[in-house]
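K.L.:
have a look; sequence and predicted model below, questions after that.
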Amino acid sequence: MRTFVSIFALLCLLYSCSEDEVISNKIISNADWIQKGTRFCSNSKELVAFGSVNIKQLLNKGIYNSELGQSGLLPLGMIDDYKEALFTELPFYYTVHAGSALTMLPRISILARHKNRELLIKTIKKDLTINKSITKGNIEVLFFDDFTIGIGLDNAVFMLHDRISELKKIKLIQNSFKSIDIENKDNTVTEILSASKDITLTFNAGNIQDLGIKILNQSEGATTSFDSKVALHLSFENGKIKIQNKNYLSNEVLSWNLFENDSKALISELGAGSPVAAFLANINISELERLKNNYFEDGISNTLQNSNIDQMLLGLIPNELSVIEALISKDGLNSYFDGNIAIGAYSSDRIHTEYSAFLGIGSSLSAIINQEIKPFMGLLASTNITDSTFSLYTSELNGPQNKTAPLILPRGAETLGNSPLSCFVDFDRFPLKDLFMAEALPIIELLSMATINASMTNSELTIYMNDSQTNSLTQICNSIPSLLIRLAFL
C-alpha cells in the first residue's frame, strides 16, 4: 500500500510545471542553509545545547551501505518516503531548551527543509495519527501526544515537549519560524555549524551556568554568564571514529590557566614494558585553588548546603566532602597534590592486568601516605615515597624504567603526552571481558586503539578500527544483525 502511495505522491509532484517551480524554488545553498541554522540555533537565551545531524551521510554509512540496511530489520520504504519529502542532503539543525523546573523535561526543536508540504503531511499520516491540525498564517501545525510539527512553505519544525498548553505550542512553533528569517548573525554559531561533520553537539556553557544558579536559587536577579560554548563534532570515517572538540571561551574563562602546556615529561614516570593503556595529566593546581577561592569562598559543600537546592539533591552530597574540604583548605591544595599524574596498565595475556602509578604530591599528603598507607606497601612489587612524589608498581616486570627495562609504547600511541591531558587504550591487548557486557564484545572487538589529547581550548578523541578501509559506522552496523540474532536466543 505504501508503495502505491509513494508513486502517487511522486506523480503529483511531476504533474505540472508550476509544482516543479515550487520545488525548484525551495533549493537552497549550503551557505544560506547554515545561516538559517545559525539563526535557529541562537534564537533564545534559554538554549542549553544545539547542533546538527547530517542525515544523508548517516543513512549512507549506517544503513544503505551496511548489512543492517540489507537485513530487512529496518523499514527502508518508510525511510525512502521521508527522503522524498525532505532535503536530507541538508543538515537537520536542533536545539535543546531547559527550564529551571527540574520536573520538566527539556524541549527539543528540529529544523529541516522540505520539498513539498502536502507530500510531507501525507508521509507523516502514513505512520502517525494526528490529534489535531490548524493553520496559522503560512504554517500548518500538527498536534500529537508528546510532540508538535509546524510545516511552513519551505521549512518544517519538529518540536518534542513536555506538558505545555496548545497556545504555548503554537507560539513556540511560530517563534521558531520567525527566528530563521530574522537578520541575526552569530559568527561563533556559524563557525560551529560550518565545521559540522556527521553529528555536532554544542553546549551553551553560559546558559547552563545561569540555569544552575537559578536551580540553586543563588541569584534572584539577572546572572552574568561566561558566554562560552563547547562544541563536539562526531565523524565516522574509514577505519576510525573521530570526536573533535573546540571550546569557544569568554575572556574570563580563557584567563583560567588550568593546564600546563603538555604532559610529555610524565611519560618517563610510567612503568617499564609495553602498556596497554596510559593516562597523563599536567594540571595547574595553583590556578585551581585560586578559582576555588574566588567562586566557592565558603567551600563547595557549604555553598550547596546554604543554597535552596532540593533536599533530595542535597542528600547526594557525601558527608565526607566538608571534612575533606576543611582539611585541604587548612594547608592548601599544593600541600597535597602538585597536578602531575601518570598511570599505566599492562597485560601480557589479555586476562590479568598490572599497573604503575605516579603522583606528584605535597608534604601533607606525603605524611598521610607514610602513616596510613605505607604499612600496606609490602603487598606491591615496588613503591617509592618522597616529600614530592609517590609511585607504585604492582609487578616487577613493569617497575621503574631503566636502560635494561625501557618503556615501549605500542604503535598508534605516538601522540601520548602532546597535550596536558593525554591518554590511549590498546583494545587489541587490553583485558575487556570483565569491563563490558558479553553482548557488547562483538562491537568492542572491532576496535583497535583509542587516543585522547585535550587542552583548555580543544581536544580530540580518535578510535581506530581493526579494519582501516571500511567506514567505521558501516562496520558497526554490519555487526548489528548477528548481534540481535544472538540476543534473541539468550
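P.N.:
Cool, got the structure. Only a predicted model underlies this, so the values are computations on that prediction, with no experimental measurement involved.

K.L.:
low-confidence ranges, the protein, go.
P.N.:
For the chain, the stretches flagged by pLDDT under 70 are 1-25, 100-104, 213-226, 297-320, 322-323, 489-490.

K.L.:
where along the stretch 301-450 of the chain do the strands fall?
P.N.:
Assigned by DSSP state E, counting those that start in this stretch, the stretch 301-450 of the chain shows strands spanning 337-346, 354-361, 382-385, 389-393, 421-426, 447-454.

K.L.:
turn those strands into a markdown table, including distance to A367.
P.N.:
Heads up, the C-betas are built off the backbone N, CA and C, glycines and all. Listed next are the strands of the stretch 301-450 of the chain as a markdown table, based on distance: least, C-beta to C-beta, whole Å:
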| stretch | distance to A367 |
| --- | --- |
| strand 337-346 | 14 |
| strand 354-361 | 10 |
| strand 382-385 | 10 |
| strand 389-393 | 12 |
| strand 421-426 | 28 |
| strand 447-454 | 32 |
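
K.L.:
who wins for proximity to D80 among the ones you listed?
P.N.:
D80 lies closest, by C-beta to C-beta, to one member of the strands of the stretch 301-450 of the chain: strand 447-454, at 31.9 Å.

K.L.:
quick one: closest of the strands of the stretch 301-450 of the chain to L73.
P.N.:
When the strands of the stretch 301-450 of the chain are compared by C-beta to C-beta, strand 447-454 sits nearest L73, at 23.2 Å.

K.L.:
quick check on L111: phi, psi?
P.N.:
Backbone torsions of L111, given as degrees, to the nearest 10, read phi -110, psi 130.

K.L.:
touching, it and P91? I think so.
P.N.:
No: if you go by C-beta atoms under 8 Å, L111 and P91 don't touch, sitting 9.1 Å apart.

K.L.:
what touches both of those two?
P.N.:
Common neighbours of L111 and P91, using C-beta atoms under 8 Å, 6 or more residues apart in numbering, are G37.

K.L.:
so for F436, which of the strands of the stretch 301-450 of the chain sits nearest?
P.N.:
Between F436 and the strands of the stretch 301-450 of the chain, the shortest gap by C-beta to C-beta is with strand 447-454, which sits at 11.0 Å.

K.L.:
in its sheet, what does that closest one sit against?
P.N.:
Sheet pairing here is set by DSSP bridges, and for strand 447-454 it gives strand 421-426 (antiparallel), strand 458-465 (antiparallel).

K.L.:
can you say which of these is packed in most?
P.N.:
Of those, the one with the most neighbours on average (mean count of other C-beta atoms under 10 Å) is strand 421-426, at a mean of 23.

K.L.:
just the residues contacting that strand, thanks.
P.N.:
The contact list for strand 421-426, computed with C-beta under 8 Å, 6+ apart, reads 259, 262-263, 275-282, 410, 412-413, 415-416, 448-455, 459.

K.L.:
buried only: go through those residues for me.
P.N.:
259, 262-263, 275-282, 410, 412-413, 416, 448-455, 459 (16 or more other C-beta atoms under 10 Å).

K.L.:
does T38 count as helix, strand or coil?
P.N.:
helix (DSSP: H, G, I helix; E, B strand; the rest coil).

K.L.:
list the buried residues for stretch 40-53?
P.N.:
40-44, 46-53.

K.L.:
between the two ends of it, how far is it?
P.N.:
Its start and end residues considered, stretch 40-53 measures 14 Å (C-alpha to C-alpha, to the nearest Å).

K.L.:
please apply the same query to stretch 50-68.
P.N.:
End to end - C-alpha to C-alpha - stretch 50-68 spans 29 Å.

K.L.:
could I get the buried residue list for it?
P.N.:
Applying a neighbour-count criterion of 16+ other C-beta under 10 Å, one finds 50-57, 59-63, 65-66, 68 buried in stretch 50-68.

K.L.:
same thing with stretch 67-77?
P.N.:
Under 16+ other C-beta under 10 Å, the buried positions of stretch 67-77 are 68-69, 74.

K.L.:
could you dump the strands paired with strand 447-454 into a markdown table and include distance to S228?
P.N.:
Below are the strands paired with strand 447-454 laid out as a markdown table (distance: least, C-beta to C-beta, whole Å):
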| stretch | distance to S228 |
| --- | --- |
| strand 421-426 | 18 |
| strand 458-465 | 13 |
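
K.L.:
ok so, going back, tell me the two of the buried residues of stretch 40-53 that are most distant?
P.N.:
E46 and V53 (21.3 Å).
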